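J.: Here is my input; please provide its structure:
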Amino acid sequence: MSAVISPAEALAFMFATTFNIPCLMALSTTYKESHSLKWTVKVALFYICNSLVLSFIVYHNANIFM
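T.: The predicted structure follows:
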């Protein structure tokens with residue numbers, strides 16, 4: 001497996017999965033508390049975008065140091 005995936009890619013994947021949307025129940029609770037599908041979608045997109053940006057940063061920094 002290490003011949004196919006570099007350590008930087010593995011670390012970026014770990015960050016992307018760790019900081020992604022927690023679970024479906026978290027989104028459904030956000031919808032129940034806010035009573036707004038628009039707000040729930042914004043929260044989901046916030047989680048997804050932040051996890052992708054963070055994994056992008058981690059991947060490029062890991063390539064420098066690994």
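
J.: Run through the helices of the protein in chain order.
T.: For the chain, the helices defined by DSSP state H cover 7-18, 24-34, 37-65.

J.: right, and the ones you listed - which one's nearest residue 1?
T.: Closest of the helices of the chain to residue 1 is helix 7-18, at 8.8 Å (criterion: CB to CB). Backbone N, C-alpha and C define where each C-beta goes, glycine included.

J.: Packing partners of the closest one?
T.: helix 37-65 (3 or more CB pairs under 8 Å, 6 or more residues apart in numbering; DSSP states H and E).

J.: who does the helix it packs on touch, helix- and strand-wise?
T.: If contacts are counted by 3+ CB pairs under 8 Å, 6+ apart, helix 37-65 sits against helix 7-18, helix 24-34.

J.: As a markdown table, the ones you listed with mean neighbour count and mean pLDDT would be great.
T.: Listed next are those as a markdown table, based on neighbours: other CB atoms under 10 Å; pLDDT from 0 to 100:
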| stretch | mean neighbour count | mean pLDDT |
| --- | --- | --- |
| helix 7-18 | 15 | 95 |
| helix 24-34 | 12 | 94 |
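
J.: Quick one, which of those helices gets closest to residue 66.
T.: Of all the helices and strands packed on helix 37-65, helix 7-18 comes closest under CB to CB, at 5.1 Å.

J.: circling back to that earlier point, how about JSON lines for the helices of the chain, with distance to residue 1 added?
T.: Formatted as JSON lines, those follow (distance: least, CB to CB, whole Å):
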{"stretch": "helix 7-18", "distance to residue 1": "9"}
{"stretch": "helix 24-34", "distance to residue 1": "29"}
{"stretch": "helix 37-65", "distance to residue 1": "17"}
